[in-house]
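Chemist: Sharing a model that was predicted from the sequence below.
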Amino acid sequence: MTDKPAKSNKPQKLKARLPRGLADRGPAEIAATRDMVEKIRLQFERYGFEPVETPAIEYTDALGKFLPDQDRPNEGVFSFQDDDEQWLSLRYDLTAPLARYVAERIGTEHITLPYRSYRFGWVFRNEKPGPGRFRQFMQFDADTVGAPTIAADAEMCMLAADTMEVLGIPRGSYVVKVNNRKVLDGLMEGIGIGGEENAKRRLMVLRAIDKLDRLGVTGVRQLLGSGRWDGGEPGKGDFTAGALLSDEQIGLVLRQLTPADDEPLLGVSGEIWYPDGDTNKPGWDLRNTGLDELQQIESLVATAGYTRDRIRIDQSVVRGLEYYTGPVYEVELTFEISDEKGRPVRFGSVGGGGRYDGLVSRFRGEPTPATGFSIGVSRLQAALTALGKIASKPAPGPVVVTVFDRDRIADYQRMVTNLRNAGIRAELYLGNPKNFGNQMKYADRRGSPCAVIQGGDEKAKGEVQIKDLILGAEIAGLSKERDDYLKKQAEAQFAVKEGELVEAVRKLLARHGIA
RNA sequence: GCAGGUGUAGCUCAGUUGGUUAGAGCGCUGGUCUGUGGAACCAGAGGUCGGUGGUUCAAGUCCACCCACCUGUACCA
C-alpha cells in the first residue's frame, strides 16, 4: 500500500525566498548607503535646498495620469485599493509626490516661491529587474518649484556634476548630458507628426532616439523606419516595430543628431547643432527656442567653470518620463563595468531629471514651473560596488569580553558596561563559554578589534589581558622573521591593571583608526 | 512580453551509452581543546537532482509542458 511513507509524511518545508528585484541589505551595504546619502545631503544643502519628506504611498491619480488597468492594476506601479475603494500606489519616484505636496501648500505661509527642497527614500517600480535595476530602490531628489528661469535648470546640472564628485567619482568618469524636449517636440511637429493623432508615433520616435548610444545611427534609422530585428539581422531574434517614417522624415530627425550618416555625431558632441535648411516648417520656432535654451545652459555652466567633460549638450537624450516639458538631464558613468564573471554590464543612467512645468499645475488652475534632479542611489551604489570602489568589508565589530570563569559573569559584564559608558562598542560573550577557543573564534568572526580576557591568574594580580585581534591576524599571515615576530607577538597581547582597561582599549582602537 | 541559454548540498562544480544507496572541494556544526581566532586531524548535519507528467524493467541522465534565474530585446507614467 504505502510504498514511500517516509517521503510523503515529511512535513513540507517552507522555502525561504525573496521576491525578485528586491534585496536584503547587510551592515556593509547599509554603511555604504548611509555614507553616500550623507555626502549627497551635504552637497544639496550647500545649494540651498531644504529637506522635506512625503510618504511612500499616494493616491494613484496623484502620481500619474492613469488609474490602474482593470486587468493589470500593477503594471509598472504597485497599486491596491483602500477600504473606501480608492486606488493607492507606492510611489515610483520622488518628483510626482513633491508636486502634490507643493500644490497643496502654494499660497500658504509654508511655502515661499521659488521653493527649493530635497528628499531621499525608497521608490518602487514593478518592472523586470536587472543589474542595477531593482523593484525597490533609493533615490535622492532635489526640486525647484516656481522658477521659470533657465538658470534653475543650469543649476540642476551643476548640482549633478558636483554631487558625483563629492561621491568620489573623478572628473572624466561621469558626464551630465543635457537636452531639451522642446527641440525634439518642435522637430517632430516640423516633420508632420504633431497633433494628438500622432502621439503614439511621437513616442516611438523618442524611444528610437533614446537608443542612439546603444544601437547606433543604423539601429535608430531602422527603428524610425520599418523596424528592427534584435538578433542584428532580418529574421534573427525578436522584431521591434518601427515608427514608419519616410526617408525624408528620418533624414530630418537624424540630421538633428548628425550632419550626415558617416559624419561624427555632432548633436552629442557638446556643440549645439542647428541643422540649416528649411526654417519655415511648423514647430521650427519651438525647436529653435529649445536650442536657444540649451545655448543659455551651455553659457551659464561654462561661465560658472563647468567644462564640457562634466556637463555636455547631447541631443539624443530623451528621458522616459512623459511629464518633461523643457530641459532634460541625465548622468552617466563613463567607465566600463564588468560583473564577477568579467562580462560587461550596462547600468544605464545613475541620475536624471528635467523641467516639468505641467506637473504641479495639474492640481491647480495656474501654470507652475518646476525643475528637478534625482540620483539613483541604489543603482549608483550597485555600479560602484561592481567596480570595487565600495568596501564590502563591514565596519569593525565590538570589543568582546570573554568569559573565563562562569562564576564571574557579573565581573565581566561590569567590564563591558565600563567600556560602553566610555563610548566604546562592547559586548559580553553570550555563547557557551566551555571552550575558550570558540570565544576567540567568535570574536574573530565578529570582526572585533580586540578581546578582553581575565582568568584566575590575572584576577589574582588585579590585571586583565587585552588581545589585539587585528595585529594577531597580521602576525598569522606574516613570514616569520623571528625577532619581528616576537616583537609583534608581545604587542598583540598584553596585560594592564583592571582600572586601566578602558584607557588601554581606547589606545588600541586609536592605533587601528577605529573611532 | 519575445528570443536564446542555464537549473545537481549554503557556495563552486563532477556525475560514463539510462543501471545498485547521487559525489568532491570550500563552507557549516561538533570533537581532539575551561588558558587563547585564523593551522592540523577526526566526526557529523545538509539533496523532493527546479516542478509536474510521460517513455522504460530501470530516469539526475531521454521526451513534453510549466517554473526560476542569466543574457539580449521590448516596456519602464
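Modeler: That came through, no problem.
Chemist: RNA strand B contacts on the stretch 51-200 of chain A?
Modeler: A:63-66, A:75-77, A:92-93, A:96, A:125-131 (CB under 7 Å from any atom of the strand). Yep, even glycine has a C-beta here, placed from its N, CA and C like the rest.
Chemist: same thing but at 6 Å, please
Modeler: Contact residues (CB under 6 Å from any atom of the strand) of the stretch 51-200 of chain A with RNA strand B: A:64, A:66, A:75-77, A:125, A:127-128, A:130-131.
Chemist: What's the local residue count around A:Val217?
Modeler: 16 (other CB atoms under 10 Å).
Chemist: Can you pull out the low-pLDDT segments for chain A?
Modeler: A:1-16, A:65-75, A:231-236, A:259-270, A:276-279, A:321, A:340-343, A:392, A:477-484 (pLDDT under 70).
Chemist: tell me the domain boundaries of it?
Modeler: Following automatic domain parsing, one gets these domains for chain A: A:27-386, A:399-511.
Chemist: Just say which of the ones you listed is most tucked in.
Modeler: domain A:27-386 (a mean of 18; mean count of other CB atoms under 10 Å).
Chemist: now it, how far from the chain's geometric center?
Modeler: Averaging C-alpha positions (CA atoms, centre = their mean, to the nearest Å) puts domain A:27-386 14 Å from its chain's average.
Chemist: For the stretch 301-450 of chain A, which segments are assigned as strands?
Modeler: A:311-313, A:327-333, A:351-355, A:370-376, A:399-401, A:426-428, A:450-453 (DSSP state E, counting those that start in this stretch).
Chemist: any chance of the ones you listed in a markdown table, plus distance to A:Asn438?
Modeler: As requested, these are arranged in a markdown table below (distance: least, CB to CB, whole Å):
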| stretch | distance to A:Asn438 |
| --- | --- |
| strand A:311-313 | 57 |
| strand A:327-333 | 45 |
| strand A:351-355 | 48 |
| strand A:370-376 | 44 |
| strand A:399-401 | 12 |
| strand A:426-428 | 14 |
| strand A:450-453 | 12 |
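Chemist: Out of these, which gets nearest to RNA strand B?
Modeler: strand A:450-453 (5.3 Å; CB to the nearest atom of the strand).
Chemist: What are the contacting residues of that closest one?
Modeler: Strand A:450-453 has contacts (CB atoms under 8 Å, 6 or more residues apart in numbering) with A:399-402, A:404, A:415, A:439-440, A:443, A:464-470, A:501, A:505, A:508-509.
Chemist: So which of the residues you listed sit within helices?
Modeler: Members of the contacts of strand A:450-453 lying in helices (criterion: DSSP state H): A:415, A:439-440, A:443, A:469-470, A:501, A:505, A:508-509.
Chemist: OK, contacts around the residue most central in space within chain A?
Modeler: What sits nearest the mean C-alpha location of chain A, by CA atoms, centre = their mean, is A:Val377, with 1.9 Å. By CB under 8 Å, 6+ apart, A:Val377 lies in contact with A:33, A:36-37, A:40, A:120, A:137-140.
Chemist: how much space between it and A:Gly48?
Modeler: Applying CB to CB, to the nearest Å, the value for A:Val377 to A:Gly48 is 21 Å.
Chemist: With A:Arg135 instead?
Modeler: On the measure of CB to CB, A:Arg135 and A:Gly48 end up 33 Å apart.
Chemist: Go through the residues of the stretch 51-200 of chain A next to RNA strand B and name the one nearest A:Gly146.
Modeler: A:Gly146 lies nearest to A:Gly64 out of those, by CB to CB, at 22.1 Å.
Chemist: wait, what's in contact with that closest one?
Modeler: A:77, A:96.
Chemist: got the angle for the helix or strand hosting A:Gln139 vs strand A:351-355?
Modeler: Using DSSP states H and E, A:Gln139 sits in strand A:136-145. Counting by axes from the mean of the first three to the mean of the last three CA atoms, to 10 degrees, strand A:136-145 lies at 30 degrees to strand A:351-355.
Chemist: Neighbouring strands - and their directions - for strand A:136-145?
Modeler: Using DSSP bridges, the strands paired with strand A:136-145 are strand A:115-124 (antiparallel), strand A:370-376 (antiparallel).
Chemist: What residues does the stretch 351-500 of chain A have near RNA strand B?
Modeler: A:434-437, A:440-441, A:444, A:453, A:455-458, A:465, A:467, A:469, A:472-473, A:476, A:492-493.
Chemist: mind listing the helices for the stretch 51-200 of chain A?
Modeler: A:60-63, A:95-105, A:150-166, A:181-190, A:199-210 (DSSP state H, counting those that start in this stretch).
Chemist: In TSV: those helices, plus distance to A:Asp83.
Modeler: Shown next, in TSV, are those (distance: least, CB to CB, whole Å):
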stretch	distance to A:Asp83
helix A:60-63	15
helix A:95-105	21
helix A:150-166	40
helix A:181-190	40
helix A:199-210	36
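Chemist: Good, we can wrap up now.
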